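>>> Take this sequence and fold it.
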Amino acid sequence: MNFTEYQIKSRKTAKYPAIGHPVIYPVLGLTNEAGEVAGKVKKIFRDKEGVIGETERSALKGELGDVLWYLAQVCTELDLSLEDVAEHNLEKLFSRLERGKIGGDGDNR
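Residues are numbered from 1 along each chain as shown. Prediction:
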């Protein structure tokens, strides 16, 4: 499956409340799900000495899928293609790599 197909198919399951601008709910959901990924990783290091077994990997896969779903909805609400966002991100990163700016911080490196 490619990003375009995922974005189209996932949209069929997008049922969320109208709370102002339609991007608000999926952005909040994206933030929440990313936090759940971080929480699971934190607990792996707290409780399992950083060992990521099949159970943990499966749980993270589920949470990462939720992150992807919300990201796809944010893109749709902003009239952006998830594929275009991914391509743009790689172009930016490879430009930084070629210029020796992959490390450090700041958006405009």
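>>> What sits closest to Tyr70 if chain neighbours are left out?
Leaving aside its chain neighbours, Tyr70 sits nearest to Leu30 (3.8 Å; criterion: C-beta to C-beta, 6 or more residues apart in numbering). To be clear about C-beta, it is placed using only N, CA and C from the backbone, and glycine gets the same treatment.
>>> surely that neighbour meets Cys75?
No. Counting by C-beta atoms under 8 Å, no contact exists between Leu30 and Cys75, whose distance comes to 10.3 Å.
>>> other SSEs contacting the helix or strand containing the residue nearest to Tyr70?
Using DSSP states H and E, Leu30 sits in helix 24-47. Applying 3 or more C-beta pairs under 8 Å, 6 or more residues apart in numbering; DSSP states H and E, we find helix 24-47 packed against helix 54-77.
>>> now for the helix it packs on, which elements pack on it?
helix 3-11, helix 24-47, helix 82-98.
>>> Just the mean pLDDT for the last one, thanks.
pLDDT averaged over helix 82-98 equals 96, rounded to a whole number.
>>> in that helix, what's buried?
Leu82, Val85 (16 or more other C-beta atoms under 10 Å).
>>> repeat for the shortest one
In terms of neighbour count (16+ other C-beta under 10 Å), helix 3-11 has its buried residues at Phe3, Tyr6, Gln7, Ser10.
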